[in-house]
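Chemist: All I have is the shape, not the residue letters:
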């Protein structure tokens, strides 16, 4: 047994067990992995060892033994976003995007060669698969088609000077200022922004004030005032001897640290004078006075006559508790408002008729009488007006005729 084969007795003969790379009765024949060829469809077989090989496939085929038909588009021949159409296993067609050309869309289209060029107000710069417009001063946009002056809105702050740079602007800042718009003080703490002993700490584009215990606010400008807002209630006045303490001066009627407790003023028995009755309320009190007194504490005697209570010309007199009226003739009552009926006393004489009036009366006298009370007789013959024995004959209350004796006339 040749080439490393192992021999075994077999009856009156032997058997050779060959290695993997040899064959034959005595292992004398070397193996050829490509004979016969395992590669199909015109592929080339490449020997790697007696038992190993590779196949180099013809166009349009794939697989270990080149037995699988290949889609020509699967090889990615169409580049730069082009779309591929497979015609036969080994043929394809590429549809290029606007920026590329050629069989496989690998050739750049120079957009800047167009006349007129794509850039309206600027210079065209070609790139692989695209182009860029470098705009003239005062224009912007993808094609430099937009009028643009970034300095027109004065973006540079604090006295900075604006200069157009392409589609942007640049600020030349005054000394001590930095930032895109000259908005940053180079050292924010250099101007000592923290007041009342506060310490300043730079923090990027800003600063922080660390205030003392008596102040607050962004710049330590606000003194801590325990009286703002005031804790004193019900009109109490707040006073703060320090940033952590306060006292309340309470309005009358209130007590307590914050003037929230009511004072009962009626505990003072002498508060309401002259028999007035005290009534307490929250924060205050009132005195209910008798009719003869007035005032917050019933301290004033009431002038009853000031209200002119006596009627019909009567005279008013103040008393300790009330008033009295002295009535004129014809009236009576507490306030002289009641008319006296003088006719009840029959003042009209000789059958006269009495008529009562407010505060007075009048008489309608009978015939022959006159006067306030009809006391005066007006009979014309009473005084014997007829002379020389003439006879008086009355013809009315004051009218008469005389019948003369013979020889007398008149």
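Modeler: Cool, got the structure. Values in this document were obtained by computation on a predicted structure and should not be read as measured data.
Chemist: Could you chop the chain up by domain?
Modeler: The chain breaks down by the TED database into domains covering 6-69, 265-301, 315-377, 384-409.
Chemist: Residue 192: which of those is closest?
Modeler: Ranking the domains of the chain by proximity to residue 192 (CB to CB) places domain 265-301 first, at 49.5 Å. Every C-beta, even on glycine, is put in place using the N, C-alpha and C of the backbone.
Chemist: returning to that earlier point: for residue 154, find the nearest of the domains of the chain.
Modeler: Each of those was scored for nearness to residue 154 using CB to CB, and the closest is domain 265-301 (60.7 Å).
Chemist: export the domains of the chain to JSON lines and tack on mean pLDDT and distance to residue 86?
Modeler: Shown next, in JSON lines, are these (pLDDT from 0 to 100; distance: least, CB to CB, whole Å):
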{"stretch": "domain 6-69", "mean pLDDT": "87", "distance to residue 86": "10"}
{"stretch": "domain 265-301", "mean pLDDT": "87", "distance to residue 86": "99"}
{"stretch": "domain 315-377", "mean pLDDT": "87", "distance to residue 86": "130"}
{"stretch": "domain 384-409", "mean pLDDT": "84", "distance to residue 86": "161"}
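Chemist: now these in a markdown table, with distance to residue 180 and mean neighbour count?
Modeler: A markdown table is the format used below for the domains of the chain (distance: least, CB to CB, whole Å; neighbours: other CB atoms under 10 Å):
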| stretch | distance to residue 180 | mean neighbour count |
| --- | --- | --- |
| domain 6-69 | 58 | 14 |
| domain 265-301 | 62 | 15 |
| domain 315-377 | 93 | 15 |
| domain 384-409 | 130 | 12 |
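Chemist: for those domains, which one sits closest to residue 244?
Modeler: Counting by CB to CB, residue 244 lies closest to domain 265-301 out of those; the figure is 28.8 Å.
Chemist: okay, how far is it across the closest one, tip to tip?
Modeler: End-to-end distance of domain 265-301 (CA to CA, to the nearest Å): 23 Å.
Chemist: now stretch 84-103
Modeler: One end of stretch 84-103 to the other measures 11 Å (CA to CA).
Chemist: What of stretch 334-351?
Modeler: Distance between the boundary residues of stretch 334-351 (CA to CA) amounts to 35 Å.
Chemist: ok, residues contacting that stretch?
Modeler: Under the contact criterion CB atoms under 8 Å, 6 or more residues apart in numbering, stretch 334-351 has outside partners 309-314, 325, 327-332, 354-356, 358-361, 363-366, 368-369, 373-375, 377.
Chemist: which residues sit against stretch 210-218?
Modeler: Stretch 210-218 has contacts (CB under 8 Å, 6+ apart) with 194-201, 209, 220-224, 243.
Chemist: The same query, at a cut-off of 6 Å, please.
Modeler: Stretch 210-218 is contacted from outside by 196-199, 220, 222-224, 243, using CB atoms under 6 Å, 6 or more residues apart in numbering.
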